[in-house]
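K.L.:
The sequence and its predicted three-dimensional model are supplied below.
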Amino acid sequence: MSVRTSRAALILGALLGFSILGGACKPMQVDEERPVSSCDASSPGPQGGEPLLLFVDPDTEEPLKKDAIVVTTKEPDGEEYLRVGLRHFPDDAGEYTYVIRLVAGHEDPPEGPVLLEGSAVSEACWPTWERLRTSLTFDPTVSFRPTKPEAATLEVLAVGSDHELKASVLVVFRY
């Protein structure tokens, strides 16, 4: 295990541990089959070439704006998940681990229970944009299930070899 991999694993473990101890529900399953990543050299990078990480609609790739409505998808077999899209203009080349959480509430930082949690690993598309689509799968034993739209915060932490980048957006979450 390389130093880079062990550092990412340590950070991922710490974040998952916090959510287990501090949340009202169990962490969501990591779905290694669903992450889809591609590079986008056709779009210009951010002004000044600074690293940038943002949530986007997984279908249209438009940036998610405050109070965007995000809805879960339910499969015929009963599996329920939330599709998530990210755009990342990284600091440098290399592998990044993306830790993604949906937390109830609009506080800064959000103080509600963790509704969904998952991660994805991808090779950065430096010096271009990376598109990443993944899904956060519900744990069937989750104890917190709002029956009406819930104010929530989507958070992501991207961890590279020597870099970390965070992003969040306030959303309205519906099952």
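P.N.:
Looks like it arrived, so ask away.

K.L.:
State the distance from the residue most central in space within the chain to Ser135.
P.N.:
Geometric centre of the chain, nearest residue: Ile100, 2.7 Å, by Cα atoms, centre = their mean. Applying Cβ to Cβ, to the nearest Å, the value for Ile100 to Ser135 is 10 Å. The C-beta positions use only the backbone N, C-alpha and C, and glycine is treated the same way.

K.L.:
I'd assumed Gly85 was in contact with Ser135.
P.N.:
No - the pair Ser135 / Gly85 is not scored as a contact, 10.4 Å apart, by Cβ atoms under 8 Å.

K.L.:
who's more crowded, the two?
P.N.:
Ranked by neighbour count (other Cβ atoms under 10 Å), Ser135 and Gly85 place Ser135 first, with 23 against 20.

K.L.:
Tell me what that one is bridged to.
P.N.:
Arg83 (DSSP bridges).

K.L.:
Show me the shaky parts of the chain.
P.N.:
Residues of the chain meeting the criterion pLDDT under 70: 1-34, 137-149, 175.

K.L.:
and if we set it to 90?
P.N.:
Applying pLDDT under 90 to the chain picks out residues 1-50, 58-61, 69-84, 91-94, 101-120, 122-152, 161-163, 172-175.

K.L.:
circling back to that earlier point, next up, phi/psi of the residue nearest to the centre of the chain, please.
P.N.:
phi -120, psi 130 (degrees, to the nearest 10).

K.L.:
in which helix or strand would I find the closest residue to it other than its chain neighbours?
P.N.:
Once flanking residues are discounted, Ile100 sits nearest to Val156: 4.9 Å by Cβ to Cβ, 6 or more residues apart in numbering. Applying DSSP states H and E as the criterion places Val156 in strand 150-159.

K.L.:
so what strands line up beside that strand?
P.N.:
Partners of strand 150-159 in its sheet, by DSSP bridges: strand 95-104 (antiparallel), strand 164-174 (antiparallel).

K.L.:
Stretch 76-95 spans what distance, first to last residue?
P.N.:
34 Å (Cα to Cα, to the nearest Å).

K.L.:
what comes up buried for it?
P.N.:
Glu80, Tyr81, Leu82, Arg83, Val84, Gly85, Leu86, Arg87, His88, Phe89, Pro90, Asp91 (16 or more other Cβ atoms under 10 Å).
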